[in-house]
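S.K.: Take a look and give me a structure for this.
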Amino acid sequence: MKISIGTPPVEQLGIADTGSDLTWTQCKPCTQCYNQTSPLFDPAETTTYRQVSCESPQCSAVGSSSTCSSSNGCQYQVSYGDRSYSIGDLAVETLTFGSSDNVGESVSFKKVVFGCGHQNDGTFSQTGSGIIGLGGGSVSIISQLEKSIGGKFSYCLTFLDSNSSSKISFGQNAVVSGPNVVSTPLVKKDPDTFYYLTLEGVSVGDERLEYNNKKASDDYGYGGSTSSGVEEGNIIIDSGTTLTFLPSEFYEGLEASLVKAIKGKRAKDSQGMFNLCYELPSGGGFSSPAIVAHFDGGDVVLPEGSTFVEVEKGLVCLTLVPSQDLAIFGNLHQMNHRIGYDLVNKVVKFLPTDCSTAE
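M.R.: Numbers count the residues shown, from 1 in each chain. I've put the predicted structure just below:
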């Protein structure tokens, strides 16, 4: 996602992440930065950069990960599930969003809290300069711009092999509507960073598997359940996580259904990351049954071509994997859908869309 920071504005390309709050970009001077193709952001070259003091409410909003520099500047530390991290100065700056069609005017917001990262490393791609935090916490740009955007944003993620870039919209431009829209409630839970949905089951072809994971409610005392008896808010939707993670017991049933339906030669990936892989026939004709996620309120068909992906030459693997931790609906299975978040009406909407041609 493109965003411009500073005055004059400098374009940055960040990973749009609904699973984290702080927006940050790599900054000069770097004590340790990953390789980045575009120039690093230089706070000395902008007239609107101001570091946040340790006493400010913005510093305390970052939470226990903030520390104080010798000059009383607020410093942040954030880390992610794959052990990537960023450490740097918390600051306020002018953020500018271009119009999605490049015809309309761009919109600027002053004094937005962001991180100027001087020490960043992990699995970041060199095309990106940082993270754009779209979570539900107080320092995310969604919360900071809430009055201007009315709690609404949407995105449309293109396939990995697409030449087009993914799109993001805010405010009235982000309303997702039409006859094929599927709507599911957003469930409020802690931590407030995450957007919780309720998954009632998954179908493999004609076989439906019920999602009966009560573990989280038993462990954390969340309680609530839907009319189908599943725990409310049992999965988060995360644009910054690639794979979909499901509770191990439920995953085993899903895998067994797929094994029954797929004709092919099982194999293992060299990294040992995936549970179910097949050799790709020399003619390239691998086929698997449709997988449908049954959310509370409607069904989302996982995009064909994203459920089994060629992870190594001649090897395709299932991109849904077992997990002992939080269940996550990852970005591979959000592709080619326009996904709208309405935080006021507490709902997420899915609309099947060719994101490579969508405006």
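
S.K.: Skipping its backbone neighbours, what lies nearest Thr193 in space?
M.R.: Using Cβ to Cβ, 6 or more residues apart in numbering and skipping the chain neighbours, the partner closest in space to Thr193 is Gly135 (3.9 Å). (C-beta placed from N, C-alpha, C; glycine too.)

S.K.: wait, doesn't that neighbour sit right on Asp17?
M.R.: Yes: assessed by Cβ atoms under 8 Å, Gly135 is found in contact with Asp17 at 7.3 Å.

S.K.: What about Asn35, how many residues nearby?
M.R.: The tally of other residues near Asn35 (other Cβ atoms under 10 Å) stands at 8.

S.K.: mind listing what the closest residue to it other than its chain neighbours touches?
M.R.: Take Asn35 and drop its neighbours on the chain: the residue closest to it by Cβ to Cβ, 6+ apart is Gln126, 4.6 Å away. Neighbouring residues of Gln126 by Cβ atoms under 8 Å, 6 or more residues apart in numbering: Tyr34, Asn35, Gln36, Thr37.

S.K.: The residue nearest the centre of the chain and Ala256, how far apart?
M.R.: Centroid-nearest residue in the chain, with Cα atoms, centre = their mean: Ser239, separated by 1.7 Å. Ser239 sits 29 Å away from Ala256, going by Cβ to Cβ, to the nearest Å.

S.K.: Figure out the length between the terminal residues of stretch 62-77.
M.R.: By Cα to Cα, to the nearest Å, the extent of stretch 62-77 from end to end equals 9 Å.

S.K.: Name the residues of it that are buried.
M.R.: Buried residues in stretch 62-77, counted by 16 or more other Cβ atoms under 10 Å: Val62, Gly63, Ser66, Gly73, Cys74, Gln75, Tyr76, Gln77.

S.K.: same check, this time on stretch 280-289
M.R.: Residues Leu280, Ser288, Pro289 are the ones in stretch 280-289 that count as buried (16+ other Cβ under 10 Å).

S.K.: wait, isn't the first one in contact with Ser288?
M.R.: Looking back up the chat, that one is Leu280. No: using Cβ under 8 Å as the test, Leu280 is too far from Ser288 to be in contact (11.9 Å).

S.K.: For the closest residue to Asp17 other than its chain neighbours, the count of nearby residues, please.
M.R.: Excluding the flanking residues, the one nearest Asp17 by Cβ to Cβ, 6+ apart is Gly240, at 3.2 Å. By other Cβ under 10 Å, 21 other residues sit near Gly240.

S.K.: With the one 3 residues further on instead?
M.R.: Here the neighbour count serves as a burial measure; for Leu243 (other Cβ under 10 Å) it reads 20.

S.K.: Chain neighbours aside, what residue packs nearest to it?
M.R.: Leaving aside its sequence neighbours, Leu243 sits nearest to Gly330 (Cβ to Cβ, 6+ apart; 4.8 Å).

S.K.: Also Cys30?
M.R.: Of all residues not flanking Cys30 in the chain, His118 sits nearest, at 5.8 Å (Cβ to Cβ, 6+ apart).

S.K.: just the helices in the stretch 201-350 of the chain please.
M.R.: Secondary structure of the stretch 201-350 of the chain by DSSP state H, counting those that start in this stretch: the helices cover 215-220, 248-261.

S.K.: List the contacts of Ser79.
M.R.: Residues in contact with Ser79 (Cβ under 8 Å, 6+ apart) are Tyr85.

S.K.: In the stretch 1-150 of the chain, mark out all the strands, start to finish.
M.R.: 2-5, 10-17, 24-26, 50-51, 67-68, 74-79, 85-97, 107-121, 130-133 (DSSP state E, counting those that start in this stretch).

S.K.: So which of those has the densest surroundings on average?
M.R.: strand 130-133 (a mean of 28; mean count of other Cβ atoms under 10 Å).

S.K.: which residues does the residue nearest to Cys30 contact?
M.R.: Taking Cβ under 8 Å, 6+ apart, we find His118 in contact with Cys27, Pro29, Cys30, Thr31, Gln32, Cys33, Ile87, Gly88, Asp89.

S.K.: what's the closest of those residues to Leu326?
M.R.: Distance to Leu326 across the contacts of His118 (Cβ to Cβ) is lowest for Ile87, with 24.2 Å.
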